[in-house]
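Asker: Okay, here's the prediction I keep looking at, along with the sequence it came from:
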Amino acid sequence: MKRYVLIVAGGRGLRMGSDLPKQFIPMEGKPVLMHTLEAFHRWDASAGLILVLPEDHQPYWKMLCREIGCKVPHRIANGGETRFHSVRNGLNFLSDEIGNAAGRDEKILVAVHDGVRPFAAPEVVEQCFAEAEVSGAAIPVVPVVDSLREFSGESSRPVDRSRYQAVQTPQVFDYDLLLKAYEQPYSEFFTDDASVVEAFGHTVKTVPGNRENIKITTPFDLLVAKALLAK
């Protein structure tokens, strides 16, 4: 079985309040994105890592790799207009190497991961791949700890938070399934890869995630991430 990871990093850092895209913000002398790459390399050095970056970000990334010394083998695919289009571009990049299913003996699994999530636990990644090998689609989730309210106009009501889970990445899929799912036209209701696969008609299974696996999108997130990294 072959395992690949598409690491999607197309953010412009607007919520971070910085001119520097959030994936390039330094933590402990390395950009967030480099920490993410290293985390997956530690998990499985044989996994194929593909970084999906906007074309205008790629020269800066390559400069960072030269200056800091990124030792993680990876390839770069061009990002798209939205996350959906970036993932589609990454899959097309991968398909040029893999080809179609005809005559292929080994199973291929591909994960899609947010570039600004550097704390995915190795055991969670492994569980996602193990479940996807069986069911074709697996995502990590964590319980919602805050009280929730549903709003309708100017009124609101409490809802049962035990019925909800927060979704993380990596989201792992059978390669051929994900490739076909991403042939669908783009929809604004595609909030992640699981929603694309479910719209294609395939059930998505869940595995327990790890709460440290935060998505760094705000200055507060960055403070938490630096504390986790120091720990």
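Answerer: Okay, I see it.
Asker: Sketch out the low-pLDDT regions of the chain for me.
Answerer: 11-18, 100-103 (pLDDT under 70).
Asker: what about the helices in it?
Answerer: For the chain, applying DSSP state H gives helices covering 32-43, 58-64, 83-98, 122-135, 175-181, 193-199, 219-230.
Asker: for the third one, packing partners?
Answerer: Packed against helix 83-98, as judged by 3 or more C-beta pairs under 8 Å, 6 or more residues apart in numbering; DSSP states H and E, are the following elements: strand 2-8, strand 48-53, strand 75-78, strand 108-114, helix 175-181, helix 193-199. Where you see a C-beta, it was placed from the backbone N, CA and C, and this is true even at glycine.
Asker: pretty sure residue 85 contacts residue 186?
Answerer: Yes - contact between residue 85 and residue 186 holds when scored by C-beta atoms under 8 Å: they sit 6.9 Å apart.
Asker: residues contacting residue 159?
Answerer: When contacts are counted by C-beta atoms under 8 Å, 6 or more residues apart in numbering, residue 159 is found next to 148, 149, 150.
Asker: what is the nearest residue to residue 55 once chain neighbours are set aside paired to in the beta sheet?
Answerer: Beyond its immediate neighbours in the sequence, the residue positioned closest to residue 55 (C-beta to C-beta, 6 or more residues apart in numbering) is residue 78, lying 5.3 Å away. With DSSP bridges applied, the residues forming beta bridges to residue 78 are residue 53.
Asker: distance of the residue nearest the centre of the chain from residue 213?
Answerer: By C-alpha atoms, centre = their mean, the chain has its centre lying nearest to residue 113, at 1.5 Å. With distances taken as C-beta to C-beta, to the nearest Å, residue 113 is found 10 Å from residue 213.
Asker: repeat for residue 177
Answerer: Counting by C-beta to C-beta, the separation of residue 177 from residue 213 is 24 Å.
Asker: who has more neighbours, the two?
Answerer: Under the criterion of other C-beta atoms under 10 Å, the comparison of residue 177 against residue 213 puts residue 213 first, with 22 against 17.
Asker: isn't the more buried one right up against residue 122?
Answerer: No - under the contact definition of C-beta under 8 Å, residue 213 does not touch residue 122, with a separation of 11.2 Å.
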